[in-house]
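Chemist: Sequence first, then the predicted structure, then my questions.
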2 protein chains.
Amino acid sequence: MQTRIIPPADNAHPCPLLIKRLLLSGSRYERTREIVYRDQVRYSYATFNERVARLANVLTTAGVRPGDTVAVMDWDSHRYLECMFAVPMIGAVLHTINVRLSPEQILYTMNHAEDRLVLVNAEFLPLYQAIAPHLTTVEKTLLLSDHPEASAELPGLVGEYESLMAEAGTRYDFPDFDENSVATTFYTTGTTGNPKGVYFTHRQLVLHTLAMASTLGSMDSVRLMGSDDVYMPITPMFHVHAWGVPYVATMLGVKQVYPGRYDPEFLVELWRREKVSFSHCVPTILQMLLGAKAAQGVDFGGWKLIIGGSALNRGLYDAAKACGIQLTAAYGMSETCPLISGAYLNEELRAGSEDERSRYRIKAGVPVPLVEAAIMNEDGTFAPADGETQGELVLRAPWLTQGYFREPEKSEALWAGGWMHTGDVATLDDMGFIDIRDRLKDVIKTGGEWISSLDLEDLISRHPAVREVAVVGVPDPQWGERPFALLVLRPDAALDARALKDHLKPFVEQGHINKWAIPSQIATVTEIPKTSVGKLDKKRIRQDVATWQAAGSTFLSTL
Amino acid sequence: MQTRIIPPADNAHPCPLLIKRLLLSGSRYERTREIVYRDQVRYSYATFNERVARLANVLTTAGVRPGDTVAVMDWDSHRYLECMFAVPMIGAVLHTINVRLSPEQILYTMNHAEDRLVLVNAEFLPLYQAIAPHLTTVEKTLLLSDHPEASAELPGLVGEYESLMAEAGTRYDFPDFDENSVATTFYTTGTTGNPKGVYFTHRQLVLHTLAMASTLGSMDSVRLMGSDDVYMPITPMFHVHAWGVPYVATMLGVKQVYPGRYDPEFLVELWRREKVSFSHCVPTILQMLLGAKAAQGVDFGGWKLIIGGSALNRGLYDAAKACGIQLTAAYGMSETCPLISGAYLNEELRAGSEDERSRYRIKAGVPVPLVEAAIMNEDGTFAPADGETQGELVLRAPWLTQGYFREPEKSEALWAGGWMHTGDVATLDDMGFIDIRDRLKDVIKTGGEWISSLDLEDLISRHPAVREVAVVGVPDPQWGERPFALLVLRPDAALDARALKDHLKPFVEQGHINKWAIPSQIATVTEIPKTSVGKLDKKRIRQDVATWQAAGSTFLSTL
């Protein structure tokens, strides 16, 4: 297509989209604003700007070159924030290590990412020392500690972070380079095989930051984060750069508070002391916070929270609201940098009832600027945006990972048909609202219909005998798949397939679910298998069910 | 420099930064929000979205191809907004004709820009018909009118806009293409020679929109424009796309009100009726508005106004504030898309006195995210950011024009040394605040010092005898230049060079100006030469003074 492209004047500056420009903006605008780490460190943006230059000097002196990968194992800290700027700004790649993976997986990711230098918090030394002999590319290490006098036996140790920083120069002439240079990488755990490396370029992170700032500041009736807010993340910084918000906060010169480890009592204390007004977390953390001793009877009025990571349920939403917290759900994943959508209410919804507003506030929300979302059928065609037709949520946006590092086949699958496949089953309505219904691998495909295992779990959990429930699809020669319910019952309660059917029948009659959704087989167990992060382990459950069915186990209850 | 660049998966979507993505965002999020034109047209974003597709079909059917230039001559209207999207979205270039130029200049710009199709408002027909015979590239015309039954004798007339729109299809599959394709162009009038064409690409406009949205929404203690504001521009849409704000408003789904011609009485009426809460204009328009009959005694509380285009003086700021208007100065120019900086107050300034806050609100302000500003000395070195050292303001940002269209020499001069030269003399302070002191060509260079002609005019105007004053530099063999003051005195008043020196002496003693700033020669006239837009015509004044000095005119008063 022959559009008009005019070459720039020979001497015009190309101005690539580089992370250094985000730092420049905030540290220039708000030189006195603070960055706080627990009750240990407190300094101004002017100092932060200087410290990023110091760290760049430390890393360069330690031999880090453009294109090298620098890994970090730390809790949420000012040091992490410094790395989020200094490492990419010298042209290197920041690998944020997921410290919640198993030692074997951490080792795998570090070798796979080709880490050259590692910054290790002293608290992770036992773990790190155990895997160090098996690292194939690491040459140097830096010790992170809240105690500058700390020392450790570490292979290739350059020194302790704070001591090195103190000696380093406060100026660094950060170079310009190609905006498509990789800035960050980290690993996401799939249900099968090794963790996969997603990666984001300077261009992508700058665009993500601008779009997120536009969204947080301008969409909806309330400004979620603006210049005079106080920001504290409660999602780990290794996970998609704490959802990308530290870059936004720095660009805007917002006060930032980093809490280290997530101790709920301390988080509440920090929230109070630093007057935190904006945070983001997963539902589990919010639940934990609201249950903390220090939180009892506290009026959290003015605290704006974005909830993502998993579905926000109405009970938690209402409980948080009762404490004065203003919740907005958002949606994204490791592959998406992560921001895709937020549960912003448009003019129509704002005029609705409080109940309706609450129902929309807990959905995945509307795509933010520059994001395109669609629902794809199994045959690659698109489903209508009618709020009912389910299919896989697929995406386009300028900040999606362009593949998995050194995984050509998985990269092709991720981008099948030129859209990024989320693996989530969703509906899209005529207001652009995305509603996530299930993981694609967990949805039950029966008789040509898709049944959300989450929906079914919700309905079954309302039976008084049920303490916990997991629903999976199991192969069926006639129907393709049939739902199977695995239950933990309350003490002294009983439930068989017939009784469950009776419980679900009214929902069929009310049109909530169709009749194929009624499980024809259930099993009662004492514990439901979970993953390391506490999610239902549906892969394991499906395996178990297959074994029981093959063995004709007598504790299966069949219609 | 060897950073790490990973090629995307073969099937990954590149997601170029295209204007169509801004439209998608707003029209999806706020389908019921309104776009209003005077008291004539009112429709929803959903309809707007459809109309952009209709217009794309009209243009394509009329033979417009990617790379073609489509020109518009209209007042501020919903039609203009439709062109701002549809024309670039089909890969063509939108030329927004400056209808305030002389017919000769308009003709020059249309031939220079190689316009292929022109949309002409019926009100401009006499002008257009006069120049039409001399147009070298225009093939087709479309008639714009508030009256669909309008017709006209126009060469190459395709038809009347609204009738063609009614017949056109409501779907258009807008293609993806290179984000570096030119989207818009328009001409800026220099003081010498022909108007020069600046141009902006899709990438530049998308980045400008995101950065502006971040700024308007998130910086400062007040949200200047967010989703629930009502926006009405009062700077013409031909001028740097109404400063780029319509793109921001559309991306966010903000209600937009387009006023057509600027009749102050009608503007006030429209402001009241549509509940306008955010606008932008030049100081002259604000002055005109406040003086309108309809504005007398009105409480404008809640109206947020950005003032740019020329310096905002304290008197006007205070007058507007007294009416409830919240003013923020901003800085930019045709070459800069235009947003460069806004007078946002940081933490330190917000804590200051009301007088100090007001003093900063009228400055050019701090650069917005991604903008780099510096003060350059005449020798190409940089001046310190001390708030005192004057020099030329030079810029880098991802949205500056990369040259002047088909003007290689002027393009090189614009970008001398890899920075865009604004032609403005400014200071930069340690909070990042830009303060514009003068135009570079108007500053007086005397004895190695730079004297701001604006500062000097301000001080001289405080003498009770002075009604109007213009200060220019005139060549001087010993000093390089010396200030010369041209005065219009109040009736029956008198002032000679000696008396003026006495008036200025205290300012020298107080350190406001140095002693070289005292003019050694003045002249009193009945009228000061002005440009067509009412600015002091300093080029003409310098010529006049040279003539008088050569002729030894007796009315010159010399120290």
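Modeler: Ah, there it is. Numbers count the residues shown, from 1 in each chain, chains lettered A, B, ... in the order given.
Chemist: Off-centre distance for stretch A:451-469?
Modeler: Relative to the mean C-alpha coordinate of its chain, stretch A:451-469 is positioned 26 Å out (C-alpha atoms, centre = their mean, to the nearest Å).
Chemist: Name the surrounding residues that touch it.
Modeler: Here stretch A:451-469 makes contact (C-beta atoms under 8 Å, 6 or more residues apart in numbering or on different chains) with A:311, A:390, A:425, A:437-438, A:442-445, A:470-473, A:483, A:485-490, A:493-495, A:500, A:503-504, A:507, A:512-514, A:516-517, A:519, A:528, A:538. C-beta: built from backbone N, CA, C; applies to glycine.
Chemist: List the buried residues for that stretch?
Modeler: Residues of stretch A:451-469 classed as buried: A:451-457, A:459-460, A:463, A:465-466, A:468-469 (neighbour count, 16 or more other C-beta atoms under 10 Å in any protein chain shown).
Chemist: cool, stretch A:369-382 as well?
Modeler: A:369-376.
Chemist: Just send those back as a markdown table, with distance to residue B:271 too.
Modeler: Output for these, formatted as a markdown table (distance: C-beta to C-beta, whole Å):
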| residue | distance to residue B:271 |
| --- | --- |
| A:369 | 28 |
| A:370 | 32 |
| A:371 | 34 |
| A:372 | 36 |
| A:373 | 37 |
| A:374 | 40 |
| A:375 | 42 |
| A:376 | 46 |
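Chemist: Now, these that are in helices?
Modeler: Among the buried residues of stretch A:369-382, DSSP state H puts none in helices.
Chemist: among those, which are in reach of chain B?
Modeler: Restricting those to those near chain B by C-beta under 8 Å from any C-beta of the partner chain leaves A:369-372.
Chemist: picking that back up, so which of the contacts of stretch A:451-469 are in helices?
Modeler: Among the contacts of stretch A:451-469, the members found in helices (DSSP H) are A:500, A:503-504, A:507, A:538.
Chemist: Out of those, the closest to residue B:319 would be?
Modeler: residue A:507 (65.7 Å; C-beta to C-beta).
Chemist: Name the nearest residue to the residue in the stretch 51-200 of chain A positioned nearest to chain B, sequence neighbours excluded.
Modeler: Relative to chain B, the nearest point of the stretch 51-200 of chain A is residue A:181 (3.5 Å; C-beta to the nearest C-beta). The shortest distance from residue A:181 to any non-neighbouring residue, by C-beta to C-beta, 6 or more residues apart in numbering or on different chains, is to residue B:3 (3.5 Å).
Chemist: residues touching that neighbour, list them.
Modeler: A:66-67, A:91, A:177-178, A:181-182.
Chemist: Spell out which residues of the stretch 1-150 of chain A are next to chain B.
Modeler: A:1-13, A:15-17, A:21-22, A:24-25, A:28-33, A:65-67, A:69, A:91, A:93.
Chemist: Weed out the non-buried ones from the residues you listed.
Modeler: A:3-4, A:6, A:8-9, A:11-13, A:15-17, A:21-22, A:24-25, A:28-31, A:33, A:66-67, A:69, A:91, A:93.
Chemist: for stretch A:171-183, the distance to its chain's centre please.
Modeler: Its chain's average C-alpha position is 26 Å from that of stretch A:171-183, according to C-alpha atoms, centre = their mean.
Chemist: Pull out the CA atoms of it and give them to me as PDB.
Modeler: In PDB, the C-alpha atoms belonging to stretch A:171-183 read as follows (Å, rounded to 0.1, in the frame of the first residue of the first chain):
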ATOM      1  CA  ARG A 171      26.400  10.600  36.100                       C
ATOM      2  CA  TYR A 172      25.900   8.300  33.200                       C
ATOM      3  CA  ASP A 173      25.400   9.300  29.600                       C
ATOM      4  CA  PHE A 174      22.600   6.800  28.800                       C
ATOM      5  CA  PRO A 175      22.800   6.100  25.100                       C
ATOM      6  CA  ASP A 176      20.100   6.100  22.400                       C
ATOM      7  CA  PHE A 177      19.500   2.700  20.600                       C
ATOM      8  CA  ASP A 178      16.900   0.800  18.700                       C
ATOM      9  CA  GLU A 179      13.500   1.000  20.600                       C
ATOM     10  CA  ASN A 180      12.900  -2.600  19.600                       C
ATOM     11  CA  SER A 181      15.700  -3.800  21.900                       C
ATOM     12  CA  VAL A 182      14.500  -6.200  24.600                       C
ATOM     13  CA  ALA A 183      14.300  -4.500  28.000                       C
END
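Chemist: Go through it and flag the buried ones.
Modeler: Quick answer for stretch A:171-183 (16+ other C-beta under 10 Å): A:172, A:174, A:177-183.
Chemist: Save those as a markdown table, and put in pLDDT too.
Modeler: Output for the buried residues of stretch A:171-183, formatted as a markdown table (pLDDT from 0 to 100):
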| residue | pLDDT |
| --- | --- |
| A:172 | 98 |
| A:174 | 98 |
| A:177 | 98 |
| A:178 | 98 |
| A:179 | 98 |
| A:180 | 98 |
| A:181 | 98 |
| A:182 | 98 |
| A:183 | 98 |
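Chemist: Check these and tell me the two furthest apart.
Modeler: A:172 and A:180 (22.3 Å).
Chemist: State which one residue of the stretch 151-300 of chain A is found closest to chain B.
Modeler: For the stretch 151-300 of chain A, C-beta to the nearest C-beta, closest residue to chain B: residue A:217, 2.7 Å.
Chemist: OK, contacts around the residue lying closest to residue A:188 once chain neighbours are set aside?
Modeler: Distance criterion C-beta to C-beta, 6+ apart; nearest residue to residue A:188, sequence neighbours excluded, is residue A:334 at 3.9 Å. Listed by C-beta under 8 Å, 6+ apart, the contact set of residue A:334 reads A:186, A:188, A:198, A:239-240, A:401.
Chemist: Just flag the most distant two among those.
Modeler: Counting by C-beta to C-beta, the most remote pair of the contacts of residue A:334 is A:239 and A:401, 14.1 Å apart.
Chemist: More neighbours: these two, which one.
Modeler: Shown here are residue A:239 and residue A:401; by other C-beta atoms under 10 Å in any protein chain shown, residue A:401 has more neighbours (28 against 18).
Chemist: So that one sits against residue A:196, correct?
Modeler: No: Residue A:401 is not in contact with residue A:196 according to C-beta atoms under 8 Å; the separation is 9.3 Å.
Chemist: Ramachandran coordinates for the closest residue to residue A:373 other than its chain neighbours?
Modeler: Spatially, and ignoring its direct neighbours in sequence, residue A:373 is nearest to residue A:367 (4.8 Å; C-beta to C-beta, 6+ apart). When read as degrees, to the nearest 10, the backbone of residue A:367 gives phi -60, psi 140.
Chemist: these two touch, right, residue A:367 and residue A:336?
Modeler: No: counting by C-beta under 8 Å, residue A:367 stays clear of residue A:336, with 10.8 Å between them.
Chemist: Before we go further, residue A:54 is sitting in a helix, right?
Modeler: Yes: according to DSSP: H, G, I helix; E, B strand; the rest coil, residue A:54 belongs to a helix.
Chemist: count of residues packed around the nearest residue to it once chain neighbours are set aside?
Modeler: Leaving aside its sequence neighbours, residue A:54 sits nearest to residue A:168 (C-beta to C-beta, 6+ apart; 4.1 Å). Using other C-beta under 10 Å, residue A:168 has 20 other residues around it.
Chemist: Isn't residue A:168 up against residue A:57?
Modeler: Yes: using C-beta under 8 Å, residue A:168 is in contact with residue A:57, at 4.1 Å.
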